[in-house]
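[1] Pasting the sequence and the predicted model now:
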Amino acid sequence: MAKTLQTIFSIQDHWQKKKRSGHFDLRILEPKRSVLISWAFPKSKFPLGSEKILAIRTQDHLISYMHFEGTLDNGDIVKLYDRGSCKIIISEANYFLIYFNGKKIKGNYNFIRNVASKDAWYVTKSKKF
C-alpha cells in the first residue's frame, strides 16, 4: 500500500454526438508519472449513499486534458462538471480509496476492480477514512 498522495482531479461531462448520449470522465493527476489516470462513468453520475456505479478504466491521458472544455473534431462536446483536490488514501492493484474535495463531489470513494475484467471497476461512496 502506498503512502497517502495529495493531488488534483477533474470530472468532465462528455456528450458523444454520434451515440447521442453522454458519460462522465474522471481525471486524476498521477504526479509520479505526470499523466492523468482516467475512468469513464457511462451513467454520468457519481454514487450516492450505498449505490454501486460502474466505471471503466481508460487509457492514461496527457495533463492538457485535465481542464479541457470545448468541441472535439468529431463534434463531441466536453464540459467541466467538477474539479478540486483529492487524496489517494489506499492504492492497490484492485482497490483504491480516494477522498475527493470538489465543488460537487466530496467524500471518500471506493474503487473496486471487477475480477472478471481488467477495466471494469465499481465505485461506491464510503464512510471510512
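    Now that the structure is in, tell me what you want to look at.

[2] Now do the strands for this protein: every range, in order, please.
    Assigned by DSSP state E, the strands in the chain fall at 5-16, 21-30, 35-41, 53-61, 70-71, 77-92, 95-102, 106-113, 120-126.

[3] what separates the fifth one from the chain centre, distance-wise?
    Right, the one you point to is strand 70-71. Computed by Cα atoms, centre = their mean, to the nearest Å, the chain-centroid distance of strand 70-71 equals 20 Å.

[4] quick one: low-confidence ranges for the chain?
    The model of the chain has pLDDT under 70 over residues 1-2, 128-129.

[5] Find the nearest non-adjacent residue to the residue nearest the centre of it, please.
    Residue closest to the mean C-alpha point of the chain, counted by Cα atoms, centre = their mean, is residue 26 at 2.6 Å. Leaving out its chain neighbours, the residue that sits closest to residue 26 by Cβ to Cβ, 6 or more residues apart in numbering is residue 39, at 4.6 Å. (Glycine included, C-beta is placed from N, CA and C.)
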